[in-house]
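K.L.:
structural data only, the sequence is not supplied:
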C-alpha cells in the first residue's frame, strides 16, 4: 500500500505549477506586447482612441479633428483668390439690416433640415440650365463621393440660392466669382472643365442626384450649411462657422447667429438662370499714375529752328508762289484765262 505524499510535497507541487503558469502568462504577454508594438511601428502612427465627432455645436466648441493635422497657414489661405479643390469659397454676410424677428433670436445648436427646393416659377429653359449647372458642380466637386456625399454638395448649392448673401439662381451660385478669378467653386477657375470630356457614367450619376435635389429631395444631415471643405484642408473661415455634418470627405458648415437660421433663407427662386459656364472675364483696370500740379502747369518746350541755320535755298520755301500778272489783277477780276472761259458751254 502506497503512502500519501507529505503535506509539504503537495505544497511544493502547487507552487511549481503556479510558477509554470505565471511564466507562461509572462511569455504570452511579452509576445503580445511585442506584436502590438511591431504593428504600431509598421503603421507609423501611435495608437489613438476612437473619436466621435459631435454635430451641431457652436464654433467655440468646434474642433475639426483629423482636418487639423493638415491645417493651412491663414495668411497663405487668405492670399488665394480661388478656394482649394473640394472647398467652397467664402463670402461676406449680406450688408442688410436684420429683420425684426432676429431680435428675439436665441442660439440653437440643433440641425434644421432645409425646405424642399421650389421651382414652380422656373421656365423650361431655367430648369434645363439649372440642371446642367448643378450636375457640373456635383461632378467636379464630388464625382467619386457616395450618394450621400453628392447629395450634401447639391444641398449646399441650393441653400446658397435661397440665402440673400448669394445669387438667386443655381448657375449664378455655381459660377459666382469666375469673372474675377475669385471663384466660390474651384473647378470654375482652375481649368478643370477644359481637361477632357467628363466620364459618361459619373456624369449621369451626378445628373440623377441633381435632378432629385431640384425636384425637392432634401439632404437632412447637412441642415442649412452654406460652406464645406475636405478633410485635407482647414480654411481660416471655418473657425467662424458652425459645423453641421461630416459626410464622405467633407465637413459642412453654416453661419453663426441669425443668418444661419431657417428664417434667413428667404430668398425666393424665380428662375432667370444665366447661360451655364464661367462668366466672361473682367479685366482689372490699371491705375493711372498721378500727375502733380507742378508737372501739369510747366509748358513743354516747343522745337524751334533758328533762322541762321536755314540754308539760303530754303529760306523762302514757305512763301506762296504767285504769277507775275497777279499783282496787276483788280478785285473782282477773273483769274481764268480767256481761252478757258467758255470751256463749260455746250457746243452749237
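P.N.:
That came in fine, so what should we check first? Keep in mind that what you see is a predicted model, and the values were worked out from it rather than measured.

K.L.:
which helix or strand lies directly C-terminal to the strand or helix carrying residue 209?
P.N.:
Assigned by DSSP states H and E, residue 209 belongs to helix 200-214. Scanning forward in sequence from helix 200-214 by DSSP H and E, the next helix or strand is strand 227-230.

K.L.:
packing partners of that following strand?
P.N.:
helix 147-161, strand 250-255 (3 or more CB pairs under 8 Å, 6 or more residues apart in numbering; DSSP states H and E). Where you see a C-beta, it was placed from the backbone N, CA and C, and this is true even at glycine.

K.L.:
which parts of the first one are buried?
P.N.:
Same thing as helix 147-161. Of all the residues in helix 147-161, those buried under the rule 16 or more other CB atoms under 10 Å are 149-161.

K.L.:
can you map out the strands along the stretch 51-200 of the chain?
P.N.:
With DSSP state E, counting those that start in this stretch as the criterion, the stretch 51-200 of the chain has no strands.

K.L.:
quick one: least confident helix or strand in the protein?
P.N.:
Each helix and strand of the chain was given a mean pLDDT (mean pLDDT, DSSP states H and E); the minimum falls on helix 74-79 at a mean of 39.

K.L.:
quick one: contacts for residue 274?
P.N.:
Contact analysis of residue 274 by CB atoms under 8 Å, 6 or more residues apart in numbering lists 129, 169, 171, 172, 175.

K.L.:
check contacts around the residue nearest to residue 252 when sequence neighbours are not counted.
P.N.:
Nearest-residue entry for residue 252: residue 225, 3.9 Å, with adjacent residues in sequence omitted and distances by CB to CB, 6 or more residues apart in numbering. By CB under 8 Å, 6+ apart, the contact set of residue 225 is 152, 155, 156, 159, 244, 245, 252, 253, 254.

K.L.:
could you measure the second one against residue 342, distance?
P.N.:
So the one you mean is residue 155. 96 Å (CB to CB, to the nearest Å).

K.L.:
which one of the buried residues of helix 147-161 is nearest to residue 198?
P.N.:
residue 150 (14.1 Å; CB to CB).

K.L.:
the closest one against residue 203, yeah?
P.N.:
No - using CB atoms under 8 Å, residue 150 is not in contact with residue 203, being 11.9 Å away.

K.L.:
which parts of this structure are helices?
P.N.:
7-43, 74-79, 124-142, 147-161, 170-174, 200-214, 293-297 (DSSP state H).

K.L.:
straight-line length of stretch 99-115, end to end?
P.N.:
In stretch 99-115, first residue to last residue: 20 Å (CA to CA, to the nearest Å).

K.L.:
typo on my end, stretch 254-262
P.N.:
Using CA to CA, first and last residues of stretch 254-262 are 11 Å apart.

K.L.:
now do the buried residues in that stretch.
P.N.:
254, 255, 256, 258, 259, 260, 261.

K.L.:
which pair in those has the greatest spatial separation?
P.N.:
Between all members of the buried residues of stretch 254-262, the farthest pair (by CB to CB) comes out as 254 and 258, at 11.5 Å.

K.L.:
re earlier: of the buried residues of helix 147-161, closest to residue 104?
P.N.:
Comparing the buried residues of helix 147-161 against residue 104 with CB to CB places residue 159 closest, at 23.2 Å.

K.L.:
mean pLDDT for the helices of the chain: which is lowest?
P.N.:
Least confidently modelled of the helices of the chain is helix 74-79, at a mean of 39 by mean pLDDT.

K.L.:
can you tell me how far the closest residue to residue 202 other than its chain neighbours sits from residue 256?
P.N.:
Leaving aside its chain neighbours, residue 202 sits nearest to residue 143 (4.7 Å; criterion: CB to CB, 6+ apart). Look at residue 143 and residue 256: by CB to CB, they are 31 Å apart.

K.L.:
show me what contacts the closest residue in space to residue 99 that isn't next to it in sequence?
P.N.:
What sits nearest to residue 99 in space, not counting adjacent residues and going by CB to CB, 6+ apart, is residue 263, at 7.3 Å. Each residue near residue 263 by CB under 8 Å, 6+ apart is listed here: 99, 101, 102.

K.L.:
what's the mean pLDDT across stretch 269-284?
P.N.:
Here the average pLDDT along stretch 269-284 is 89.

K.L.:
residue contacts, the nearest residue to residue 238 once chain neighbours are set aside?
P.N.:
Spatial nearest neighbour of residue 238, excluding adjacent residues (CB to CB, 6+ apart): residue 253 at 5.7 Å. Under the criterion of CB under 8 Å, 6+ apart, the contact list for residue 253 reads 225, 226, 227, 228, 229, 238, 241, 242, 243, 244.

K.L.:
of all the residues you listed, which comes closest to residue 269?
P.N.:
Checking the contacts of residue 253 one by one against residue 269 (CB to CB), the nearest turns out to be residue 226, at 15.4 Å.

K.L.:
just to revisit the earlier point, redo the contacts of residue 225 as a markdown table? Include distance to residue 125.
P.N.:
Shown next, in a markdown table, are the contacts of residue 225 (distance: CB to CB, whole Å):
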| residue | distance to residue 125 |
| --- | --- |
| 152 | 28 |
| 155 | 24 |
| 156 | 24 |
| 159 | 23 |
| 244 | 33 |
| 245 | 34 |
| 252 | 31 |
| 253 | 33 |
| 254 | 32 |
